[in-house]
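Asks: build me a structure from this.
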Amino acid sequence: MDSPIVTDTTLIGVASEGTKLRLVNFTLAQIVFLAIFCFIMTLFGLLGNGTVLYSSVRYNAIRLDRVSLILVQNLAVADIIYTLCVILPQLITYVAGQWVLGNVYCFISAQISFIPGSANALTVLLITSYRLWLVTHPFSSTSKNEARIAVAITWVLASAGTIISLSYKSSSTFNPKNGKCTSEIYVIKEAEAIFKIAIGVIIMIPLLVITVENIILCAIAVKSSRMQENSKPNYKALVMVCALSGIFILSWVPYVIYSFMVSTNPDIPRAVELLSFHCIYINAFANPILYTLTNKRFGEYVKNLLLTICCFICRYEKVAKSHSSTNPTSTSNARSASAVEIENHQSVMPANLPVVEETL
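Replies: Numbers count the residues shown, from 1 in each chain. This next block holds a predicted model:
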């Protein structure tokens, strides 16, 4: 059995704002595994969703109708903010063994993180509902302005948890038991009921609605797969939405189960607690991978982008190695040659591609 990193259990549940506290009751194996997990989530959460935003704006690399594209971009923005507010500080904490990011980042991680997490859930609800609306009302249309208004309302609703927390002047404290900064709104009795209602409205109810809609869409997708060839584009769009909402549901199920178990039996195994919190992070990295697999246009963009990066690295190393022993300016030459290589591969996606719309 691995020995705990810190054996002083008196620190459990104790945290003063801005104080550097070490992780408590984490084994070395848990630290290593969770650090690797959070590193992967951070990498894909930032680079993957950043690629989604850049490629869709610069190259029209995602074949979707304009409304669906706005929703997908909004989901990517929410995932990036969530990664910066929650997953990245968790990764740094695991590596350092304690909270080292100071008071400001602790406040951001504890209070502001409610917003992107809730926006993620509400955006998935919008995507699923919009697709179901298109299936049941095939001749209807939604303008980009209406989509932008819906996105704005999403962020306003997502701010409810943070507004409630700040209105009760709850402080932000580091909890060494789970390695996260948390808001004290959870222990303020006067605000507990209001906060739970808000979280239920912006997280749990959308989760339930998404589950029901996902079942309906999956049934429609199965039916579409048995139809003629001209239904295949709609079938692919249905599969994409079903997978998107399915990943969201699966990532939240462990937390819902954990919350129910805690309410009936506080003595929950630590592994269950860690699993329930970290499964939510899967949303941040899974969506770009899903787009790569289900959207041919975006998949080609990612493939060409990776090839360009590989060519740049290989070219730079080759030129640097060939000049390192003879030319003192080898580094600058290597960079110049690599820059030329990048220019030759700059057409990862043509700048003026025709917009081929495919409803999400």
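
Asks: got the buried residues for the helix or strand encompassing residue 118?
Replies: Per DSSP states H and E: residue 118 is located in helix 114-136. For helix 114-136, burial by neighbour count (16 or more other Cβ atoms under 10 Å) applies to 114-128, 130-132, 134-135. In short, each C-beta sits where N, CA and C put it, glycine included.

Asks: pLDDT on the following helix or strand past that helix, on average?
Replies: Downstream of helix 114-136, the first helix or strand assigned by DSSP H and E is helix 144-158. Helix 144-158 shows an average pLDDT of 93 in the prediction.

Asks: quick check: buried residues in helix 144-158?
Replies: Neighbour-count burial for helix 144-158 flags 147, 150, 151, 154, 155, 157, 158 (criterion: 16+ other Cβ under 10 Å).

Asks: just the CA atoms of whichever helix or strand comes after that helix, as CSV, please.
Replies: As assigned by DSSP H and E, the chain's next helix or strand after helix 144-158 is helix 160-167. The C-alpha coordinates for helix 160-167 follow below in CSV (Å, rounded to 0.1, in the frame of the first residue of the first chain):
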residue,chain,number,x,y,z
ALA,A,160,-26.8,32.6,-10.9
GLY,A,161,-24.6,30.4,-8.7
THR,A,162,-21.8,33.0,-8.6
ILE,A,163,-24.2,35.9,-7.9
ILE,A,164,-25.8,34.0,-5.0
SER,A,165,-22.4,33.1,-3.6
LEU,A,166,-21.0,36.6,-3.8
SER,A,167,-24.2,38.1,-2.4
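
Asks: mind naming the longest helix for this structure?
Replies: Identified as the longest helix of the chain according to DSSP state H is helix 232-264.

Asks: circling back: rounded mean pLDDT for the helix holding residue 118, please.
Replies: Helix 114-136 comes out at a mean pLDDT of 91.

Asks: you'd agree residue 296 is up against residue 63?
Replies: Yes - using Cβ atoms under 8 Å, residue 296 is in contact with residue 63, at 7.3 Å.

Asks: of these two, which one has the most company?
Replies: residue 63 (22 against 12; other Cβ atoms under 10 Å).

Asks: give me the pLDDT value at residue 305.
Replies: 83.

Asks: ok, it to residue 289 distance?
Replies: According to Cβ to Cβ, to the nearest Å, residue 305 and residue 289 sit 14 Å apart.

Asks: ok, now residue 48?
Replies: From residue 48 to residue 289 the distance is 7 Å (Cβ to Cβ).

Asks: so between these two, which is more surrounded?
Replies: residue 48 (23 against 13).

Asks: quick check, residue 111 in contact with residue 172.
Replies: Yes - using Cβ under 8 Å, residue 111 is in contact with residue 172, at 5.9 Å.

Asks: shared neighbours of these two, anything?
Replies: residue 183 (Cβ atoms under 8 Å, 6 or more residues apart in numbering).

Asks: low-scoring pLDDT stretches of this structure, where are they?
Replies: By pLDDT under 70, the low-scoring segments of the chain are 1-20, 227-234, 319-320, 323-360.

Asks: which residues touch the most centrally placed residue in the chain?
Replies: Centrality entry for the chain: nearest residue to the mean C-alpha point is residue 284, 1.6 Å, by Cα atoms, centre = their mean. Counting by Cβ under 8 Å, 6+ apart, residue 284 makes contact with 41, 44, 45, 49, 79, 82, 83, 87.
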